[in-house]
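Enquirer: I need the structure of the sequence given here:
(chains A and B)
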Amino acid sequence: MKARAQAILRLLAVQAAWTYERMSGIGVAHAAAPLLREHLAAKSRAERHAAIARSAEFFNSHPYLAGVAVGAVVRAERDAVPGATIVRLRTALSGPLGAMGDQLIWTGQVPALMGLALAATPWIGAWAVLAAVVVHNVLRLAITVWGLDLGLREGIGVGAALQRSWLPRRAEDAQRLAAFAVGVAIPIAVAGLLADIPGIPVMPIILIGGIGAVLAIATRTRARVTGLRLGLVLLALALLVVGGSR
Amino acid sequence: MPLSLLRVDDRLVHGQVVIGWGRPLAVRFIVLVDDGVRLSEWEQDLYRMAIPDGIELIVVSTAEAVRRLPEWAADPRPGILLTGDLATMSTLHAAEPALVRRINLGGIHHRADRVERLRYLYLDPSEAALLRTMADSGAEITAQDLPTTPAVALAALL
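Expert: Below is the predicted model of the structure:
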């Protein structure tokens, strides 16, 4: 198997060796190893080992975009960029790859696909869930391949290439799509779930929603509780009210 | 308004800083104090990519930060000051102890000569000694990676 294909396969499991000590560092080095062996074939064994050791140091980013860092570091090693600069490149990539990955995937693609699947479930049932899983994984593979190739092409200049790429704009678009999809899905799902329950207590539920909205924008609440936890508590309260009214 | 957060984090600008702390503190500017990043355009470009709209990133050297600390302390906008290592924060504390008093240890990660104190905090002997010196000179030092996790006092770390 070619080194690039090996790296892509290994990037799919980049978090398999995740630890607090090095976070994704081991996974990144494991993915980079075949490429480093190929690209640094003319260098000494000690130089190749030093490059792999640098790749295994502490690293944290979004796992789907880790390929950008792997590719950029391999290219920089091939271009004989000083080791200290390569370490700084890995550190500097960590933040933007994490932030853009979170926007594109966790607050974009995943909720968008979940929302669309939820909205489509009344019509196509479990096929909607299967379609969402397949589309998610196809996109995940495509992003990984794109990121690795971008890094390999650009090396130390990967930051400017990332800025010019589709990624920043599509990350914003993905979040808008997610908001739209979840907005469509919630009334469809609620209508389906509550269709058979007579006499739903509307006012208490509106009150819970109002309290939630106030807490969500209060600075002290935001500092102590994540939106997910607050939402789950409010959802549990609403379900208790609905259950108690039956 | 004094700076809302003075943080030591070797990852510099990343999600925990920008989202984890930035949102609840309604931060409008982040000061990154790092001599290497100050001289490197491509590193600055990368760190700017991790900053959302509406937040200004100011990249300065240690010497520039010492001069501008009073300016940031007087800024009415909430702000965060970040350093990548304890030595830089110690220099700022020594220069302006009243302005650099409450210090947050947000992330100092694994290195061969460091010992784990918390999952996100590894210290070598010289760093531990530096923290004791800063505490002895009036700094209030706690470790806390996110505002939703409990702060750990320095006495419990050393």
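Enquirer: quick one: residues contacting the nearest residue to B:Asp34 once chain neighbours are set aside.
Expert: Counting by C-beta to C-beta, 6 or more residues apart in numbering or on different chains, the nearest residue to B:Asp34 once its immediate chain neighbours are dropped is B:Gly84, at 5.3 Å. (Each C-beta comes from the backbone N, C-alpha and C, glycine too.) B:Gly84 sits next to B:Val8, B:Asp9, B:Asp10, B:Leu12, B:Asp34 when contact means C-beta atoms under 8 Å, 6 or more residues apart in numbering or on different chains.
Enquirer: which residue lies nearest the spatial centre of chain B?
Expert: The structure's chain B has its C-alpha centroid closest to B:Arg7; by C-alpha atoms, centre = their mean the separation is 2.2 Å.
Enquirer: can you show me the CA trace of the helix or strand harbouring that residue as CSV?
Expert: Counting by DSSP states H and E, the secondary-structure element that holds B:Arg7 is strand B:5-9. What follows is strand B:5-9 as a C-alpha-only set of coordinates in CSV (Å, rounded to 0.1, in the frame of the first residue of the first chain):
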residue,chain,number,x,y,z
LEU,B,5,-8.0,36.6,32.6
LEU,B,6,-4.3,36.3,32.8
ARG,B,7,-3.5,32.8,31.5
VAL,B,8,-0.5,30.6,31.0
ASP,B,9,-1.2,28.1,28.2
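Enquirer: closest to A:Ala46 among the contacts of B:Gly84?
Expert: Comparing these against A:Ala46 with C-beta to C-beta picks out B:Asp10 as the nearest, at 26.7 Å.
Enquirer: just confirm the closest one contacts B:His109, I think it does.
Expert: Yes. B:Asp10 is in contact with B:His109 according to C-beta atoms under 8 Å; the separation is 5.7 Å.
Enquirer: the more surrounded of those two?
Expert: Set side by side, B:Asp10 and B:His109 show unequal neighbour counts under other C-beta atoms under 10 Å in any protein chain shown, the larger going to B:His109 at 22 against 18.
Enquirer: check for me that B:Ile103 belongs to a strand.
Expert: Yes. When the secondary structure is assigned by DSSP: H, G, I helix; E, B strand; the rest coil, B:Ile103 falls within a strand.
Enquirer: next, count neighbours for it.
Expert: A count of neighbours around B:Ile103, defined by other C-beta under 10 Å, yields 26.
Enquirer: centroid residue for chain A?
Expert: With distances taken as C-alpha atoms, centre = their mean, chain A has A:Ile105 as the residue nearest its mean C-alpha position (4.0 Å).
Enquirer: quick check: closest non-adjacent residue to it.
Expert: Computed as C-beta to C-beta, 6+ apart, the closest residue to A:Ile105 that is not its neighbour in sequence is A:Tyr64, at 5.6 Å.
Enquirer: wait, that neighbour sits on A:Gln103?
Expert: No. The pair A:Tyr64 / A:Gln103 is not scored as a contact, 11.7 Å apart, by C-beta under 8 Å.
Enquirer: are there residues contacting both of these two? Which ones?
Expert: Where contact means C-beta under 8 Å, 6+ apart, no residue is in contact with each of A:Tyr64 and A:Gln103.
Enquirer: tell me the buried residues in the strand or helix carrying A:Arg170?
Expert: With secondary structure defined by DSSP H and E, A:Arg170 is part of helix A:167-194. Within helix A:167-194, the residues that qualify as buried by neighbour count (16 or more other C-beta atoms under 10 Å in any protein chain shown) are A:167-168, A:170-171, A:174-175, A:177-178, A:181-182, A:185, A:188-189.
Enquirer: what's the following helix or strand after the lowest-mean-pLDDT helix or strand in chain A?
Expert: In chain A, no helix or strand scores lower on mean pLDDT, DSSP states H and E than helix A:219-224, which sits at a mean of 65. The helix or strand immediately downstream of helix A:219-224 is helix A:227-244, counting by DSSP H and E.
Enquirer: and the helix holding A:Arg170, is it in reach of chain B?
Expert: Yes. When contact is scored as C-beta under 8 Å from any C-beta of the partner chain, part of helix A:167-194 falls within range of chain B: A:Pro168.
Enquirer: which strands and helices sit next to the helix or strand following that helix?
Expert: Elements were assigned by DSSP H and E; along the chain past helix A:167-194, the next helix or strand is helix A:202-217. In this structure, helix A:202-217 makes packing contacts with helix A:227-244, judged by 3 or more C-beta pairs under 8 Å, 6 or more residues apart in numbering or on different chains; DSSP states H and E.
Enquirer: buried residues in the helix it packs on?
Expert: Using 16+ other C-beta under 10 Å as the burial criterion, the residues of helix A:227-244 that qualify are A:Leu230, A:Leu234, A:Leu237, A:Ala238, A:Val241, A:Val242.
Enquirer: my read: B:Arg48 touches B:Leu57, true?
Expert: Yes. Checked against C-beta under 8 Å, the pair B:Arg48 and B:Leu57 is within contact range at 5.5 Å.
Enquirer: what's near enough to touch residue 92?
Expert: Unless you meant another one, I'm taking chain A. By C-beta under 8 Å, 6+ apart, A:Ala92 lies in contact with A:Gly159, B:Leu12, B:Val37, B:Trp42, B:Glu43, B:Leu46, B:Tyr47.
Enquirer: look at chain B instead
Expert: Contact partners of B:Leu92, counting by C-beta under 8 Å, 6+ apart, are B:Leu6, B:Val33, B:Thr62, B:Ala65, B:Val66, B:Leu69, B:Leu81, B:Thr83, B:Val100.
Enquirer: make sure I have this right: the fourth one is in a helix.
Expert: Read that as B:Ala65. Yes. Checked against three-state DSSP, B:Ala65 lies within a helix.
Enquirer: quick check: the gap between it and chain A.
Expert: Look at B:Ala65 and chain A: by C-beta to the nearest C-beta, to the nearest Å, they are 19 Å apart.
Enquirer: kindly report the same for the last one.
Expert: Distance of B:Val100 to chain A, given as C-beta to the nearest C-beta: 22 Å.
Enquirer: now swap in the second one and tell me
Expert: Applying C-beta to the nearest C-beta, one obtains 15 Å for the distance of B:Val33 from chain A.
Enquirer: with respect to chain B, which of the buried residues of helix A:227-244 is nearest?
Expert: A:Leu230 (11.4 Å; C-beta to the nearest C-beta).
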